[in-house]
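Trainee: Need a 3D model of the following:
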Amino acid sequence: MDKTRTMPTVTSSPHVRSAEHIRSVMLDVLIALAPAILVGIFMFGPRAFVITAITVGSCLLWEWLYCLVTHRPNPIGDLSAAVTGVLLACNLPVSVPLWLPVVGSFFAIVIVKQLYGGLGKNIFNPALAARVFLFLAWSSYMTTWTLPHTDLPWFANVADTVTSATPMATLKEGTTAGIDFVAMLLGQASGCIGETSKLAQLAGFAYLLARRVINPRIPVSYLATVAIISLLFPQGGDAVQWMLAQLLCGGLIMAAVFMATDFTTSPATAGGQWVYGIGCGIITMAIRYFGSYNEGVSFAILLMNAMVWMIDRVCRPRRYGVKPFAKLREKTRDLLSKKSEKKGAEQK
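Mentor: Below you'll find the predicted structure:
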């Protein structure tokens with residue numbers, strides 16, 4: 001026997017080996033988000049970079065401080081907090097005061113993520129939950145939109161800026177007039193830092209698919225549901241233009257690709273992922289059509305996050321060799337048998 005040969009490590013099942021781990025997956029997500037962030041910095045200037053840096057740094061700091069205070073292992077190296085920071089920065093207007101990302105990062109990391117037990121145990125997407133919290137608490141800051149290429153101060157608060165209505169506001173009025181589809185594809189429109197350029201977001205989507213970080217079920221079902229509803233029930237103008245505007249306006253593609261697909265807060269079953277995506281699309285369109293808010297993406301995904309446990313329970317795959325409704329039939333048979341035995345005992 002060759003003593004120089006290393007013996008294999010024997011462990012209990014399941015015997016699954018993969019080069020992928022949390023850090024590598026999160027790194028892939030950061031790479032996929034890079035085009036959207038870079039376009040946002042190019043369109044809105046250095047202040048967009050400052051806000052992104054503050055948001056990411058705050059997320060890392062809050063996670064480190066929380067683990068330090070609670071004497072828990074420090075998970076900063078897995079890059080999950082960095083991903084939350086970048087996603088939150090993508091969902092912020094460039095004109096927000098610089099303290100707002102710090103507050104949002106605290107809510108995302110401490111309240112939504114760590115208080116539920118940390119990575120893999122939170123039931124809501126941290127970045128989306130923080131965005132909704134900031135929107136409800138400081139709506140004036142979160143709904144002030146700056147025109148691209150406006151010269152903004154790097155660090156000082158923005159007192160006066162050239163504001164503009166977003167394409168979503170135009171759609172809310174029931175018209176597609178004035179919406180430039182090419183400008184939305186390239187990012188030449190008002191909006192949050194990372195959600196303006198649809199081409200950049202689609203490039204990130206293609207990268208995640210190529211790396212097999214996500215599967216296309218949730219984004220495809222989400223976007224297809226929005227497309228079908230808007231095509232069948234247009235509220236203004238040509239039906240095809242209305243559908244394209246609904247798909248390209250707001251943060252729909254960003255949310256469908258990067259937030260609805262979050263591993264922790266989305267279904268694990270294949271059938272559940274289709275149901276989840278369709279549900280997100282229906283709620284999004286319901287809010288856009290009948291709600292008082294222009295955009296419904298964040299609320300839709302958070303509502304579906306709360307239903308993931310039920311979706312997975314209903315859509316869990318059938319065990320191999322077990323016929324449908326076999327367990328129900330067995331319970332019914334036992335119940336009828338017990339009733340007949342009881343009736344026979346009463347007759348005696």
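Trainee: What's the separation between the residue lying closest to residue 211 once chain neighbours are set aside and residue 258?
Mentor: Of all residues not flanking residue 211 in the chain, residue 28 sits nearest, at 5.0 Å (C-beta to C-beta, 6 or more residues apart in numbering). Bear in mind the C-beta positions are built from the backbone N, C-alpha and C, glycine included. As judged by C-beta to C-beta, to the nearest Å, residue 28 and residue 258 stand 11 Å apart.
Trainee: ok, the two, which is more surrounded?
Mentor: Using other C-beta atoms under 10 Å as the criterion, residue 28 and residue 258 rank with residue 258 on top: 28 against 21.
Trainee: Nearest residue to the more buried one in space, ignoring adjacent ones along the chain?
Mentor: Nearest non-adjacent residue to residue 258, counting by C-beta to C-beta, 6+ apart: residue 87, 6.2 Å away.
Trainee: pLDDT on the helix or strand where that neighbour lies, on average?
Mentor: Using DSSP states H and E, the element containing residue 87 is helix 80-90. Mean pLDDT, helix 80-90: 95.
Trainee: Convert the C-alpha atoms of it to CSV, please.
Mentor: The C-alpha coordinates for helix 80-90 follow below in CSV (Å, rounded to 0.1, in the frame of the first residue of the first chain):
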residue,chain,number,x,y,z
SER,A,80,-24.0,39.2,1.7
ALA,A,81,-24.0,42.6,3.5
ALA,A,82,-22.2,44.1,0.5
VAL,A,83,-24.9,42.8,-1.9
THR,A,84,-27.6,44.2,0.4
GLY,A,85,-25.8,47.6,0.3
VAL,A,86,-25.5,47.7,-3.5
LEU,A,87,-29.1,46.7,-3.9
LEU,A,88,-30.3,49.3,-1.5
ALA,A,89,-28.1,52.0,-3.3
CYS,A,90,-29.7,50.9,-6.6
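Trainee: Report the next helix or strand after it in sequence order.
Mentor: In the C-terminal direction from helix 80-90 (assignment by DSSP H and E), the next one is helix 99-106.
Trainee: got the contact list for that next one?
Mentor: With contact meaning C-beta atoms under 8 Å, 6 or more residues apart in numbering, helix 99-106 is reached by 51, 54-55, 58-59, 61-62, 84-85, 88-89, 92, 130-131, 133-134, 138, 141.
Trainee: mind showing which ranges of the stretch 201-348 of the chain have poor pLDDT?
Mentor: Across the stretch 201-348 of the chain, the ranges flagged by pLDDT under 70 are 318-329, 343-348.
Trainee: if we go to 80?
Mentor: Residue ranges of the stretch 201-348 of the chain with pLDDT under 80: 236-237, 316-348.
Trainee: can you pull out the helices in it?
Mentor: 217-232, 239-248, 252-254, 270-290, 297-305, 308-314, 326-347 (DSSP state H, counting those that start in this stretch).
Trainee: which one of the ones you listed lies closest to residue 75?
Mentor: Residue 75 lies closest to helix 297-305 among the helices of the stretch 201-348 of the chain, at 21.1 Å (C-beta to C-beta).
Trainee: before we move on, the earlier item: what's the ChimeraX line that selects buried ones from the contacts of helix 99-106?
Mentor: One line in ChimeraX is enough to select the buried ones among these; burial here means 16 or more other C-beta atoms under 10 Å:
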select :51,54,55,58,59,61,62,84,85,88,89,92,130,131,133,134,141
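Trainee: Where helices are concerned, which of the contacts of helix 99-106 count?
Mentor: Counting by DSSP state H, the contacts of helix 99-106 place 51, 54-55, 58-59, 61-62, 84-85, 88-89, 130-131, 133-134, 141 in helices.
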